[in-house]
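[1] Mind folding the following:
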Amino acid sequence: MHADYSDDPGRAAVQRLATSHVRVETAENGRGTQGSKFVRDLTDFLRQLNHDLYSGIPEAERVVRAPSGREEKIVPGEWRASNVKIGHHIPLRPEAVAAFMRRFDEVYEVKALGKAAAAGSPRGRKK
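    Numbers count the residues shown, from 1 in each chain. Okay, the predicted model is just below:
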């Protein structure tokens, strides 16, 4: 993708986010095929992906709207500290995110030692 963004600010923001997404996905796919990264903690992996994704867009575009209508900053690599609303979706309360992610790690524990684990793919459920 080239940095030839729309003149419409809203559309350009979506294009920059898409460009960042492709950049992060390409980098992660490269790491997996080289076997240079083994994911032991999926929560840390997701936090790093979040950091890489949002670090790739301008700070002014790292915002989400709170139910009150106030804009909240997205801090790359950090779980959010306030309630937000994304379209019609109201995600978990911020105080529940850490517990949810701990449970996520328990359920999607990485067991495989092959290429899928190196790429960070959650394989197999803990029984």
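[2] Check the protein for its longest helix and report it.
    The residue-count maximum for a helix in the chain (DSSP state H) belongs to helix 9-34.
[3] Around Val24, how many other residues sit close by?
    Val24 is flanked by 19 other residues according to other Cβ atoms under 10 Å. Placement of C-beta: from N, CA and C, glycine included.
[4] OK, contacts around the most centrally placed residue in the chain?
    Centroid-nearest residue in the chain: Asn50, 3.2 Å away (criterion: Cα atoms, centre = their mean). Neighbouring residues of Asn50 by Cβ atoms under 8 Å, 6 or more residues apart in numbering: Pro76, Gly77, Glu78.
[5] Are any of these buried, and if so which?
    Among the contacts of Asn50, those classed as buried by 16 or more other Cβ atoms under 10 Å are Pro76, Gly77.
[6] From the contacts of Asn50, pick the one nearest His89.
    Distance to His89 across the contacts of Asn50 (Cβ to Cβ) is lowest for Glu78, with 19.8 Å.
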